[in-house]
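build me a structure from this.
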Amino acid sequence: MPATSRELTAAALRFEHPSRPPRDLWTLPWSEQHQRAALAQVRRDYPEDICRAPDPFTSDRYRKGDPYVVGQ
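Got it, this is the predicted structure:
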């Protein structure tokens, strides 16, 4: 029986050599804008095992600028 995402991730963190490494796909907004169908196919074929914690700094009060362009 295949391991669950949680079991794969926990085994990897304990260096127990799981059957495969847990998957985590990091993407930039460009891929969502220009390669939406291809990205959806990759996510469908290879679902992610690791989820993200909520971002506590979602308010514009804490950040400014665009993190994906050259700036300060």
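
against Pro29, how distant is Pro47?
21 Å (CB to CB, to the nearest Å). In this view, the C-beta of every residue, glycine as well, is placed from N, C-alpha and C.

any idea how far apart the tips of stretch 35-51 sit?
22 Å (CA to CA, to the nearest Å).

quick check: buried residues in that stretch?
Neighbour-count burial for stretch 35-51, counted by 16 or more other CB atoms under 10 Å, picks out Asp49.

make 50 the first number, not 1, from now on.
Happy to do that; since the first residue is 50 now, the last one works out to stretch 84-100.

do me a favour and average the pLDDT over it.
What stretch 84-100 shows for mean pLDDT is 95.

how far does that stretch sit from its chain's centre?
10 Å (CA atoms, centre = their mean, to the nearest Å).

list the contacts of it.
Ser54, Leu57, Thr58, Pro71, Arg72, Asp73, Leu74, Thr76, Ser80, Glu81 (CB atoms under 8 Å, 6 or more residues apart in numbering).

farthest pair in those residues?
Within these, Leu57 and Glu81 form the most distant pair, 25.7 Å apart (CB to CB).

what about the helices in the protein?
Assigned helices in the chain, in chain order: 54-62, 78-83, 85-94 (criterion: DSSP state H).

got CSV for those, with distance to Gly114 too?
Conversion of these to CSV gives the following (distance: least, CB to CB, whole Å):
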stretch, distance to Gly114
helix 54-62, 33
helix 78-83, 14
helix 85-94, 25
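
which stretch among these comes nearest Pro103?
Comparing these by CB to CB, helix 54-62 comes nearest, at 18.0 Å.
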